[in-house]
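no FASTA, just this:
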């Protein structure tokens, strides 16, 4: 093939890809308890308010706030305790002027009370074991103090979670608190992973001289799972155009996204561009990204589905999947990603050289110190997987910055 790169900056290249993805995923109904990491497809509505009844946030006494006005340690207010509201039971106590009732954290507040006084702001008077008995209030209570009102957390009928929200443990807890035990989520996008090259063999085999084990399929599979997709190992195909085209076409028909590793370098043996273009329109959108590692990455879309050609070097493949594969999966899911998620700011431990006009990603170890987080570069060639094994994330060198100096604050993209 003719050697060429129509290189674009990373952000432009990513937007080009995402703007061409039109494929849609199915929607699944699952148990809320199985929803960790899934993405909301239909916004659930609150079937009832939360809390559904007024609740105490402290152990203490339910009171009428007007009965406590002016109370102080030097001039306490005296109240008569007429009963106790049992946990898990309706508040059957009715307070009259000058009366109080024992309540516990999370317990129901009597309709006749409008505030709670914490137990540590009171002291008993005389015999406390029986009702009625008296207490002294050492400070006044404001209306609504230490009381959760009906619907204060969630009002009835409102959207609980928006479409595109990925479920964390707290979202699952919030849904179950409302009795929402089933939710509609986006199906996990199936990502076919196809390794190429006559020299590539399965990892369980012993390589002969000149052969290498396929690791890209498995590192990319892990990245796919982390991003919310379902990896589908599509096997290894040698350097045969028709064989690769048939494998890629079958993978595309059966899945939501296709990723081919190796075969992206500009060389006479590179067939990935021709294969992607043979699958349908629009085909290859871009061959070459202004980054290091991974400049010869191939970005394509066929029939609305993303198709990527990653470099064979494992570091390059992982970095480029972060840049294009993960955003493509999130786009398919309709995931609304928070700003800065998966990133930290750290102080650089040593100088890093770079060339202006490309965006570099350097593996780094992170260390927490009394002065903050320190990022130490892990230098190594892009075909050395243990460069990443020994790293916690990737230092991002901006597109138009010629290197970074020790002591500078840098952005680190975390692997977890």
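Yes, it's here. As the structure is a prediction and not an experimental result, all values here were calculated from the model. Numbering: from 1, shown residues only.

Sketch out the low-pLDDT regions of the stretch 201-350 of the chain for me.
263-270, 337-341 (pLDDT under 70).

Which of the helices or strands spans residue 28?
Assigned by DSSP states H and E, residue 28 belongs to strand 27-31.

How about residue 245?
Residue 245 belongs to helix 241-254, assigned by DSSP H and E.

Distance from the chain centre to the very next helix or strand once past that helix, please.
As assigned by DSSP H and E, the chain's next helix or strand after helix 241-254 is strand 257-261. Its chain's average C-alpha position is 23 Å from that of strand 257-261, according to Cα atoms, centre = their mean, to the nearest Å.

swap in stretch 179-187?
That offset, for stretch 179-187, works out to 18 Å (Cα atoms, centre = their mean).

For that stretch, buried residues please.
Using 16 or more other Cβ atoms under 10 Å as the test for burial, stretch 179-187 gives 180, 183, 185-187. Backbone N, C-alpha and C define where each C-beta goes, glycine included.

try stretch 324-338
324-333, 335.

Could you do stretch 368-387 as well?
373, 375-378, 380, 382, 384-385, 387.

And for stretch 405-416?
Those would be 410-413, 415, for stretch 405-416 by 16+ other Cβ under 10 Å.

for residue 52, what are its contacts?
Counting by Cβ atoms under 8 Å, 6 or more residues apart in numbering, residue 52 makes contact with residue 150.

Check the contact between residue 289 and residue 299; I expect there is one.
Yes. With contact defined as Cβ atoms under 8 Å, residue 289 counts as touching residue 299 (7.5 Å).

Which strands border the helix or strand encompassing residue 285, and is each parallel or antiparallel?
Using DSSP H and E, residue 285 falls within strand 282-287. Strand 282-287 has the following sheet partners, assigned by DSSP bridges: strand 298-302 (antiparallel).

What lies in contact with the partner strand?
13, 16-17, 20-21, 252, 264, 272-273, 276-277, 279-287, 289, 306-310, 324.

got it, and stretch 83-92?
Contacts to stretch 83-92, defined as Cβ under 8 Å, 6+ apart, come from residues 62, 93, 101-104, 106-111, 131.

Run through the strands of the stretch 151-300 of the chain in chain order.
Using DSSP state E, counting those that start in this stretch, the strands of the stretch 151-300 of the chain run over 182-186, 190-196, 200-201, 212-213, 230-237, 257-261, 282-287, 291-292, 298-302.

Could you tell me how far the fifth one lies from the centre of the chain?
Centroid separation between strand 230-237 and its chain, computed with Cα atoms, centre = their mean, is 25 Å.

buried stuff in it?
231-232, 234, 236-237.

That one: partners in the sheet, and parallel or antiparallel?
In the sheet, strand 230-237 lines up against strand 190-196 (parallel) (DSSP bridges).

and the gap between the most centrally placed residue in the chain and residue 158?
Most central in the chain under Cα atoms, centre = their mean is residue 166, positioned 6.4 Å from the mean C-alpha point. Remark: distance between residue 166 and residue 158 (Cβ to Cβ, to the nearest Å) = 20 Å.
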